[in-house]
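Asker: What would the 3D arrangement of this be:
(4 chains)
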2 protein chains.
Amino acid sequence: MESIVSKVLDKIDLQILDILQKQVQISNIEMAKRVNLSPPATHARIKRLEQEGFINQQVAILNQEKLGFDLLCFIFMSTNIHQEEQIKVVEKALKTMPEVLECHCLTGEYDYLLKVIIKERKELELFIRKLNKLGITRIQTSLALREIKCSTILPICEGSISN
Amino acid sequence: MESIVSKVLDKIDLQILDILQKQVQISNIEMAKRVNLSPPATHARIKRLEQEGFINQQVAILNQEKLGFDLLCFIFMSTNIHQEEQIKVVEKALKTMPEVLECHCLTGEYDYLLKVIIKERKELELFIRKLNKLGITRIQTSLALREIKCSTILPICEGSISN
DNA sequence: ATAGAAAAGTGAATTTTATTCGGTAAAGAA
DNA sequence: TTCTTTACCGAATAAAATTCACTTTTCTAT
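Answerer: Next up is the predicted model:
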């Protein structure tokens, strides 16, 4: 049984995506060499992959430490509100806050998990105060002490699934 | 009191970094227009920022859903091992696993938080089995039900801190 | 303040890369 | 098989990156 993906994407497409997700600034000429196609053919494929939505964004990941962000926090929280409208307000507020890098709805003990980047301790207090104002009942904050791994690379290549 | 950052980076540098972290594929000519500098001057600044390590990586963020990754999981775990050597082995193993996008050492109830991307339910069981083999004592898995926000953008611009 | 040195910027020229285009080969449907 | 569609190639063109000689600005030390 073939997966859904291979009906749309062939091996070269996956190869291109895998290179781009690691090194988006590669030149089209170098990419063409790696996938054994002519530059125009390679270029057309990349444009098609963008068009069809396989690439969400193309970004530079900046160095948090060098830019003065000392605290990475994971915040687990639950709300006491259960009206659809109020939840939307809270979520919209979270989306707007630039310190909030990620926000996910989770199964388990808490409703939400936030990933929050903060320059210094004082700002953390201000941030948590902002959360309280939104009607969050339970908040548990964990600081990231050490980063073991932080990647955006999806395991889309055959050989890359470990055992 | 000026922050540490502004001793090294001026406003134009921050502007460049902010544009790059949102849109890394912008042309140098367009970047030059936006920051009101000539293309060579802009280019030299970007190269300097790369050299000095302000940019960690330049990547394409792929669409998880379209590539068949149905499950995003957050896994909280603790080890019963406290010997330096054994911890290194576990962390190295986690770093190698392509399903593990992130791994952080945390304060609080659990030692580690993992962000794990999985295609389907069956693979999740296999993955958790792999964790058990590493000597992890406590594991709590939460599934991400809905993504409210998922960004890599650091709030480095003056106006971008919300109140 | 001011002269000298160092750093950063500019515009034109060059090199490299992206992109377009006409023609060809391969793949799929009738 | 024949027709149609799709994808590919190589050459030509357009656009962008990069280099370079020169100028302006900024900083330092007198």
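Asker: Which pLDDT value does the model give residue A:161?
Answerer: On the pLDDT scale, residue A:161 is placed at 38.
Asker: Same check on residue A:17?
Answerer: For residue A:17, the model assigns a pLDDT of 98.
Asker: Compute the distance between it and chain B, please.
Answerer: Distance from residue A:17 to chain B, counting by C-beta to the nearest C-beta, to the nearest Å: 6 Å. Placement of C-beta: from N, CA and C, glycine included.
Asker: And residue A:104, by the same measure?
Answerer: Distance from residue A:104 to chain B, by C-beta to the nearest C-beta: 4 Å.
Asker: Tell me the bridge partners for that residue.
Answerer: Judged by DSSP bridges, the bridge partners of residue A:104 are residue A:113, residue B:147.
Asker: contacting residues around it?
Answerer: Taking C-beta atoms under 8 Å, 6 or more residues apart in numbering or on different chains, we find residue A:104 in contact with A:112-113, B:72, B:74, B:144-148, B:150.
Asker: Let me know the closest of those to DNA strand C.
Answerer: residue B:150 (27.4 Å; C-beta to the nearest atom of the strand).
Asker: Identify the spatial nearest neighbour of the closest one, chain neighbours not counted.
Answerer: Closest residue to residue B:150 apart from its sequence neighbours, by C-beta to C-beta, 6 or more residues apart in numbering or on different chains: residue A:102 at 5.1 Å.
Asker: Which helix or strand contains the one you found?
Answerer: strand A:100-106 (DSSP states H and E).
Asker: ok now that strand, how far from the chain's centre?
Answerer: Its chain's C-alpha centre and that of strand A:100-106 lie 10 Å apart, by C-alpha atoms, centre = their mean, to the nearest Å.
Asker: ok, now stretch A:18-30?
Answerer: On C-alpha atoms, centre = their mean, the centre of stretch A:18-30 falls 19 Å from the chain's centre.
Asker: about what we covered before: CA atoms only for the strand holding residue A:102, dumped as CSV, please.
Answerer: The C-alpha trace of strand A:100-106 is given here as CSV (Å, rounded to 0.1, in the frame of the first residue of the first chain):
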residue,chain,number,x,y,z
VAL,A,100,4.1,33.5,22.8
LEU,A,101,5.9,31.5,20.1
GLU,A,102,3.6,28.5,20.2
CYS,A,103,0.2,27.6,21.6
HIS,A,104,-1.4,24.2,21.4
CYS,A,105,-4.6,22.7,22.7
LEU,A,106,-3.7,19.5,24.5
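Asker: got the angle between it and strand B:100-106?
Answerer: Compare the direction of strand A:100-106 with that of strand B:100-106 by axes from the mean of the first three to the mean of the last three C-alpha atoms, to 10 degrees and you get 100 degrees.
Asker: Counting neighbours, what do you get for the closest residue in space to residue A:121 that isn't next to it in sequence?
Answerer: Spatially, and ignoring its direct neighbours in sequence, residue A:121 is nearest to residue A:71 (7.0 Å; C-beta to C-beta, 6+ apart). Residues near residue A:71, counting by other C-beta atoms under 10 Å in any protein chain shown, number 18.
Asker: quick one: low-confidence parts of chain A?
Answerer: Filtered on pLDDT under 70, chain A yields the residue ranges A:1-7, A:158-163.
Asker: So the most far-flung residue of it relative to its centre versus residue B:103, what's the distance?
Answerer: For chain A, the largest distance from the centre (C-alpha atoms, centre = their mean) belongs to residue A:38, which lies 32.2 Å off. Distance of residue A:38 to residue B:103, computed by C-beta to C-beta, to the nearest Å: 41 Å.
Asker: didn't the residue nearest to residue A:121 look like it was pressed against residue A:115?
Answerer: No. With contact defined as C-beta atoms under 8 Å, residue A:71 does not reach residue A:115; the gap is 11.5 Å.
Asker: residue contacts, whichever residue of chain A sits closest to DNA strand C?
Answerer: Nearest to DNA strand C in chain A, going by C-beta to the nearest atom of the strand, is residue A:28, at a distance of 3.1 Å. Residue A:28 sits next to A:39, A:42-43, A:46 when contact means C-beta under 8 Å, 6+ apart.
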